[in-house]
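1. everything below, folded, please.
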Amino acid sequence: MSVADRPLSIAAFAGALLTACTPLASEPSSAFVNLSEYKVSPRVAEVAAGEVTFTARNAGPRDRHELVIVRTDVSADALPTVAEGGMDEDGAGVEVIGEIEELAVGKQESATFRLPAGRYVLLCNMVEEDDGEVEAHYAKGMYTTFTVR
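-> Numbers count the residues shown, from 1 in each chain. Reported below is the predicted structural model:
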């Protein structure tokens, strides 16, 4: 091999290596989301459009939580609500993509959803009554924005 051929060989090798390390388009993206009183904390703020696997973990310390994935252009703090303070899942301007239902403290679950590009809100929509007082997790600020590109 002549010296003139080496740059081409190195470039071909580098291209093959990059191709091998690039995830296939059909592989789902993933997002780990920590849920706690009263925070929704994803490890990533955005993912690629397509199949997305969410893993939600309830870090507690005391309440049950859920993860609801909502596609919307409405500001996260201005979603439509029901009388008790929870987000109205049938409200104008929101499309509920899916959810990971009630998780006890310390529990973790995963679910995969097909997400088109857009703006999303991740939230806990639990509404509980504690000692006669209604506690809506969304109303307590348990939401965050999330982007699918």
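2. ok, the one helix or strand residue 30 maps to: who's next to it in the sheet?
-> Using DSSP states H and E, residue 30 falls within strand 29-36. Neighbouring strands of strand 29-36 in its sheet, by DSSP bridges, are strand 39-42 (antiparallel), strand 50-60 (parallel).
3. between those strands, which one is nearest to residue 146?
-> strand 39-42 (6.3 Å; Cβ to Cβ). (Glycine included, C-beta is placed from N, CA and C.)
4. so residue 103 makes contact with residue 59?
-> No: at 9.9 Å, residue 103 and residue 59 do not qualify as touching, with contact defined as Cβ atoms under 8 Å.
5. adding mean pLDDT, distance to residue 120 and mean neighbour count, write the strands paired with strand 29-36 out as a markdown table.
-> Shown next, in a markdown table, are those (pLDDT from 0 to 100; distance: least, Cβ to Cβ, whole Å; neighbours: other Cβ atoms under 10 Å):
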| stretch | mean pLDDT | distance to residue 120 | mean neighbour count |
| --- | --- | --- | --- |
| strand 39-42 | 98 | 10 | 18 |
| strand 50-60 | 97 | 10 | 19 |
